[in-house]
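Asker: pasting the sequence and the predicted model now:
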Amino acid sequence: MILKKKIRMIETNQKVSTADIAKELGLGIATVKRKIKKIPNISYVGSGNNGHWERVCVEIDTQDVAQDVAQDVAQDVAQSDIHDTRNDT
């Protein structure tokens, strides 16, 4: 789910910062950067405030992507379970 949200945010606003994505998703900036690096068809073109996100056409190994997405989903579920437990108290 978070992966889809990141991609949607980038598609909606190609100049969105990793800090804005992190804030919106409740994640750390380093986590967002690390997870975006795993998305093979998203790249940042330019530098700093002058850059923007682009979807690029690349040949990808769908099995590797599927494994990365599965790991992200498992982490997201684990995090949501932690948040749910915190809300119970």
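Answerer: Received, thanks. Keep in mind that what you see is a predicted model, and the values were worked out from it rather than measured.
Asker: now do the buried residues in the helix or strand hosting Lys23.
Answerer: If you go by DSSP states H and E, Lys23 is part of helix 18-25. Buried residues in helix 18-25, counted by 16 or more other C-beta atoms under 10 Å: Thr18, Ile21, Ala22, Leu25. Using the backbone N, CA and C atoms, a C-beta is placed for each residue, glycine as well.
Asker: ok, then the element right after that helix?
Answerer: helix 29-37.
Asker: shaky segments in the chain?
Answerer: Scanning the chain for pLDDT under 70 picks out the ranges 1, 58-66, 80-89.
Asker: one more time with 80
Answerer: 1-3, 56-89 (pLDDT under 80).
Asker: and the buried residues of helix 18-25 as CSV, adding distance to Val73?
Answerer: Listed next are the buried residues of helix 18-25 as CSV, based on distance: C-beta to C-beta, whole Å:
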residue, distance to Val73
Thr18, 21
Ile21, 18
Ala22, 19
Leu25, 14
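Asker: and which of those is nearest to Asn50?
Answerer: Nearest to Asn50, judged by C-beta to C-beta, of these is Thr18 at 15.0 Å.
Asker: Asp68 reaches Lys38, doesn't it?
Answerer: Yes - Asp68 lies in contact with Lys38 (C-beta atoms under 8 Å); the separation is 4.8 Å.
Asker: just the strands from the chain, written as ranges.
Answerer: According to DSSP state E, the chain carries its strands in the segments 42-45, 52-55.
Asker: export these as TSV, with columns for mean neighbour count.
Answerer: TSV is the format used below for these (neighbours: other C-beta atoms under 10 Å):
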stretch	mean neighbour count
strand 42-45	15
strand 52-55	16
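Asker: buried sites along stretch 47-60?
Answerer: Trp53.
Asker: how far away is Ala70 from Thr31?
Answerer: The gap separating Ala70 from Thr31 is 17 Å, by C-beta to C-beta, to the nearest Å.
Asker: higher neighbour count, these two?
Answerer: Neighbours per residue (other C-beta atoms under 10 Å) separate Ala70 from Thr31, with Thr31 holding more: 15 against 10.
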